[in-house]
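S.K.: sequence plus predicted model, see below.
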Amino acid sequence: EKKESNESPSMMETQILATLQDPKALSQKEILKLFNDIIKRICEAESWIVKGRASPSTRQGWMIILARLINQFSLRTTIIEYTNEVNDEIKDVEDIKDKISLKELNRFNTIIKEHNDDITEDKKDIPKLLIKDSFTSELEQSVKQDLCKFILNNFKLRHELATLWLHEEWFGDDKRIQAILRKVGKKKVKLPPRQYEKWLNIIMDGLYDVLEPKDKLFTKFLLDIPEIPVNIIEKNIKKYCENPNRMQVGIYTLRNLIALRKANMKECLDLLLSYGVNPDKATRSTAIITLKRWIGETDLSHYIEDYALNVIKYLLNPTPPASNEDKEEKTEEAKEKNTNEASKDNKNSKPKDEKEKSAGWKENDIIRHLEFYFAICSKKHELLSGIFELYPKLKDNIQRVIRIQIQPLIKSIGLNSPKLLEVIRNFKSGADALAIRVLFILTEKCTKTTPELVSMVKDMFNSRELNPKFLVPIFGALTKSEVSEYLPKLIHILNDTESQRKHVKDVILQIVDPTSRNPQATQKPTMTPQELLVLLHNMESNVGLKRCSEATQICFSLPQIFKQEVLAVVLTQLVEQQPIPKLFMRTTIQTVNLYRNLTNFICNNILTQLITKKVWTMPKLWEGFIRCLKITLPQSLNVILQLPFPQLKEVLTKVPDLKDPLKNQIKQLSKSQRTSKIEKIMELLKM
C-alpha cells in the first residue's frame, strides 16, 4: 500500500538508518588520489571521443563537465583568519553566531581546536577576527597544475577546454569577491589573489613553447577568454611582437583585440603605436600597415593622428627617445659598471667620449620617426601641414632627410589633391625648401601640369616674396608673355653652381622641348629655341651680363636643341637689333667654336655687318670682334681688309699674329686690286 508523501518513515527504515555508521573521512592524500583518477579518466575519454568522431556537442559536453567539476571541487570555504584589523573583539564562539553562517561557524570551531596549544584557558589570547575568502587548497592546486599540463600537451585539440575552464575560474573569482565585499561592508579589505589570472598566466607562458610561430590559435584563444589582464598584453603579446618569427601573429593579435575587445583597446593600441616607430624595419612596416586602416574612417583616427604628430615632434629634441632595446642596453651597462667600478675611470673614459660624439639623430632614427607620420598622411593629406610647421625649427641634417623621404608620399598623393595644394599654399616662412621640393616631386615626369597648380604657384609668387625656384615646376605651362615676365626672375638664381644651373636647364627644356624632359608630356613648346635664346640676350640689363652669359652657356650645352641653323637665325636677328646685346660677340665666338662650318657665314654676314654698324664704337663688342677675327682665320682676312685703316691698325697692334697671314693675303692680290688703302696697309706691314 502506497504511503502518503507526508507520512513518517517506518520503524524498520528508522532502525536501518540508525545502524548505518557515519562515512569514514578520507585523508587529504586519498582525496587527492581519488580526484586525480576522476580527472584522468575524463581526460582519457577525449581520445575515445576523437576516435569515435563524436559530434561537436558531445565533445563540448565533456569539456564543460570537466571544467565545472574542477572549479566546484575547489574547497572554497570562507576562512576566519587571525588578524588585528577588526574593531570588534571576539572572545567566544557565542559572540559571532549572529554574524556568520553555520558553515563559517564550524570552520571557526575547527580553527580553535587546531590552535588549542596556543590558547590559554582564560582565552585572553584569542585574537580578533576578520572574515576573508577561502584559501586554495593543496588538492586544488595539484589538480589544476595537472590540467594545465594536459591542455598544453595538445593545445590545438584542447584550447576549448582551456577557454571553458578559465571562464569558470573567472566567474568563480567574481562570485568570491562579491561575497567577501558583502561580508565586510564598507570596511577596506585586501582581496585575495584571483585564480583566473594565475592559471591564465601559466597557460599563456606555456603557449610560447607549444604553438608554431605563425599559428593564429594564439589570437583566437585571447579573443575567447573572458578577460585579458594588462600584464598579458605587456608580457606575452609583446614577446610575440618582438620575436621576428612570431611578429606577424603578435601584430595580428593586437589588431583583432583593438577591433573586438573594447576593454583592452587602449593598451593594445598604445603597444601597436609604439611599434610604428620600432627600430626593426619589418616590425615597423607591419604595424604601420595595420594602423593605416583606421585613419579617417573610425573613432581611433584622431588618437592615432595625435600620436603620429607627437612622434615627429621628437625630432626637435637633441637626441631620439630611447627604444626598449636601448633601455635594456643601458641596464646592462649599468650592471657592468657596478661590477667593474674599480677600473671604470681607466677603461670607460674613451667609450663615453665616443658616445657623446655620436649622440644625436642618426639617419635611421630620423627615417623611422618619419615613416609612421608619412603613412598616416597618405590617408589624410591635410596632416602634412604638421611637417611644414615643424620643418623651420629642425636641424639641417633632419631637414635634408625629410626632403628625401617625402618623395614616395607626394608621388602617391599626386597632383589632384586639393588638400595637398592647400597645405603648400599656406606653408609657413622657413619651410620654402620643403615646399619647393614637394612641387618638384609633383611635376616630375607628369604629362601635364594642372591649371590649379599653375594658378596656385603664380598667386603665391606674386603675393609673397618667394624664391624664383618656386616657378621652375610650372614654366612649361606658362604662356609666352608669362615666360618673358618670369624668366628674368629665375635667371637671377644663377651663381656659378651646378645645382642652380640644373634648375635653369630644366626650365629651358620645359619651354622649348617638353618631350625631351618627359617623353609622355602632352604640352606644346611655349617658345622656339631661337626665340628663347634671343630673349636671354635681351635681359642682360635686368639680370646682369654674368648671369645672362651663364644662361646662354646652358643653351650651348644642349646641341640637340640649339642646332647650327638655330644659332645662325639667332645671330642674324641679334646683329640687326639696336642696340646689339653686349653678349652678342661671346655667342658668336661660341657658335664658331661649336660649329666650324658656320665660319664663312659668320665672316661674310655677321662680321661684315658689324663693320657697317661701326662695331669699334661699342667697346665690349669691339673686343669680341677682334677675338673672333683671330679664331676665324683665314676666312676673316677679307673682313680685316674691310676695316677702316685706323681700326685695322688697332687690330694688328692688339693681335700681332694677324700680320703674317694678312701679308700672304695681300701678296695674292693683283696690282689692280691694291688700292691706296692696301698700299697703306703694306707700308704698315713693311712689305
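M.R.: Right, received. Where do you want to start?

S.K.: so what's the gap between the longest helix belonging to the chain and the chain middle?
M.R.: Determined from DSSP state H, the single longest helix within the chain is helix 155-184. Mean-position distance between helix 155-184 and its chain equals 42 Å (Cα atoms, centre = their mean, to the nearest Å).

S.K.: pLDDT averaged over the following helix or strand past it - what is it?
M.R.: Sequence-wise, the next helix or strand downstream of helix 155-184 (DSSP states H and E) is helix 195-210. Confidence for helix 195-210, expressed as mean pLDDT, is 94.

S.K.: what of stretch 525-536?
M.R.: The model assigns stretch 525-536 a mean pLDDT of 95.

S.K.: give the buried residues for it.
M.R.: Using 16 or more other Cβ atoms under 10 Å as the test for burial, stretch 525-536 gives 525-527, 529-536. To be clear about C-beta, it is placed using only N, CA and C from the backbone, and glycine gets the same treatment.

S.K.: quick one, what contacts Lys380?
M.R.: Going by Cβ atoms under 8 Å, 6 or more residues apart in numbering, Lys380 touches 295-296, 301, 305.

S.K.: pull out the buried residues from those residues.
M.R.: 295, 301, 305.

S.K.: let me see the contact set for Ala551.
M.R.: 491, 494, 504, 536, 543.

S.K.: returning to what we had before: from the contacts of Lys380, which two are the most distant?
M.R.: Gly296 and Glu305 (9.0 Å; Cβ to Cβ).

S.K.: before we move on, back to that, which elements pack onto the longest helix of the chain?
M.R.: helix 28-51, helix 56-73, strand 129-132, helix 138-153, helix 195-210, helix 217-224 (3 or more Cβ pairs under 8 Å, 6 or more residues apart in numbering; DSSP states H and E).

S.K.: average pLDDT across the shortest one?
M.R.: Strand 129-132 carries an average pLDDT of 36.

S.K.: now do the SS call for the spatially most central residue of the chain.
M.R.: For the chain, the residue nearest the mean C-alpha position is Glu371 (1.4 Å; Cα atoms, centre = their mean). Judged by DSSP: H, G, I helix; E, B strand; the rest coil, the three-state class of Glu371 is helix.

S.K.: so what's Glu650 closest to, chain neighbours aside?
M.R.: Trp616 (7.6 Å; Cβ to Cβ, 6 or more residues apart in numbering).

S.K.: my read: that neighbour touches Gln647, true?
M.R.: Yes: if you go by Cβ atoms under 8 Å, Trp616 and Gln647 touch, sitting 4.9 Å apart.

S.K.: quick one, domains of the protein?
M.R.: 11-84+135-210, 466-562, 567-686 (the TED database).

S.K.: quick one, which of the ones you listed is packed in tightest?
M.R.: domain 466-562 (a mean of 18; mean count of other Cβ atoms under 10 Å).

S.K.: in what helix or strand does Asp299 lie?
M.R.: Applying DSSP H and E, one finds Asp299 in no helix or strand.

S.K.: give me the number of residues near it?
M.R.: 8 (other Cβ atoms under 10 Å).

S.K.: need the pLDDT of it.
M.R.: At Asp299, pLDDT is 85.

S.K.: OK, contacts around the closest residue to Asn597 other than its chain neighbours?
M.R.: Nearest residue to Asn597, sequence neighbours excluded (Cβ to Cβ, 6+ apart): Gln564, at 7.2 Å. Contact analysis of Gln564 by Cβ under 8 Å, 6+ apart lists 591, 594-595, 597-598.
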